[in-house]
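Trainee: A predicted structure for the sequence below; I have some questions about it.
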Amino acid sequence: FWSLTCCSQPKAAMSDMKVTLKELEDNRIEFRHRDECAHILIPLNKCRRATGYAVWKCTDLRHAYEKCQYDRYQKRVKTHLMSKK
């Protein structure tokens, strides 16, 4: 039904990717996190490692990543509701 790629996502979703598969592999991004928000997750993870995972650090990146994830959720909900009509 869907043409799957590296991340178990449809090709349409993968076309929105801002990072390459090589960058995802080089930064050891898990398959479940390889989505349209991975371009934010890479610098966030680097910042987390550099600051010893201090929760009060990297807040701008964390909020940007969470917003991106929320926007993806909103998009999925909208798509689901449209398909029910």
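Mentor: In hand now; what should we look at?

Trainee: return the distance of the longest helix seen in the chain from the chain's centre.
Mentor: Using DSSP state H, we find that the single longest helix of the chain is helix 59-84. For helix 59-84, the distance between its averaged C-alpha position and the chain's averaged C-alpha position is 10 Å (CA atoms, centre = their mean, to the nearest Å).

Trainee: remind me what it packs against, helices and strands.
Mentor: If you count contacts as 3 or more CB pairs under 8 Å, 6 or more residues apart in numbering; DSSP states H and E, helix 59-84 packs onto helix 38-50. Using the backbone N, CA and C atoms, a C-beta is placed for each residue, glycine as well.

Trainee: mind listing what's buried in the helix it packs on?
Mentor: For helix 38-50, a neighbour-count test (16 or more other CB atoms under 10 Å) marks 38-42, 44-45, 47-48 as buried.

Trainee: packing partners of that helix?
Mentor: Under the contact criterion of 3+ CB pairs under 8 Å, 6+ apart, helix 38-50 touches helix 21-26, helix 59-84.

Trainee: buried ones in the longest helix of the chain?
Mentor: In helix 59-84, residues buried by neighbour count (16+ other CB under 10 Å) are 61-62, 64-65, 68-69.

Trainee: now render those residues as TSV, adding distance to residue 77 and pLDDT.
Mentor: As requested, those are arranged in TSV below (distance: CB to CB, whole Å; pLDDT from 0 to 100):
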residue	distance to residue 77	pLDDT
61	25	97
62	23	97
64	21	97
65	19	97
68	15	97
69	13	97
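
Trainee: export the residues you listed to TSV and tack on distance to residue 76?
Mentor: Supplementary listing: the buried residues of helix 59-84 in TSV, determined by distance: CB to CB, whole Å:
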residue	distance to residue 76
61	23
62	21
64	19
65	17
68	13
69	11
